[in-house]
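1. fold the stuff below for me.
(one chain, ligands or ions: 1)
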Amino acid sequence: MADTLFAKIIDRQIPADIVYEDDLCLAFRDINPQAPAHVLLVPKKPIDMLASAQAEDQALLGHLLLAAGQIARQLKVESAFRVVINNGESSGQSVFHLHLHILAGRPFRWPPG
Ligand code: AMP
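-> Numbering: from 1, shown residues only. Down below sits the predicted model:
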């Protein structure tokens, strides 16, 4: 997988407003926020999209969801937040390094647009 924008953020080649980091993942504020709180959570392992994840990534995927909850608590939005993963260009994915959007701070409609 070629170095994506998010790989460069993980490697500190590009600056970002980092809010959380551990051995397996990094979270930073979205540069174009769609809600008062909008954080991107990325695994350090370069997986291009959710559909490319393999059985060997099971623990990592679980870790990302637990980290999302921890980040929501850290941001004090744990009572109401939305987690989104865009998979593939037509779904809205523009950066091909798996990432979870964590959005909070405004009402969200369902179904999503
Ligand atoms: P997606 O469209 O699901 O692939 O999400 C990519 C997200 O990355 C978008 O919400 C962008 O606003 C965000 N983004 C793009 N460049 C940067 C950057 N340099 N720092 C933080 N977020 C970014």
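
2. tell me the confidence at D57?
-> At D57, the model reports a pLDDT of 98.

3. assign a three-state SS to it, would you?
-> Put simply, D57 is helix when judged by DSSP: H, G, I helix; E, B strand; the rest coil.

4. what sits against it?
-> Neighbouring residues of D57 by Cβ atoms under 8 Å, 6 or more residues apart in numbering: 45, 47. In short, each C-beta sits where N, CA and C put it, glycine included.

5. report the separation between it and V42.
-> Distance of D57 to V42, given as Cβ to Cβ, to the nearest Å: 13 Å.

6. following element in sequence after the helix or strand that contains K8, please.
-> Using DSSP states H and E, K8 sits within helix 5-10. Counting by DSSP H and E, the next helix or strand C-terminal to helix 5-10 is strand 18-21.

7. A67 should be in a helix, yeah?
-> Yes - according to three-state DSSP, A67 belongs to a helix.

8. tell me which strands the biggest strand by length in the chain pairs with, and in which orientation.
-> Longest strand of the chain, by residue count under DSSP state E: strand 37-43. Strand 37-43 has the following strand partners under DSSP bridges: strand 25-29 (antiparallel), strand 100-104 (antiparallel).
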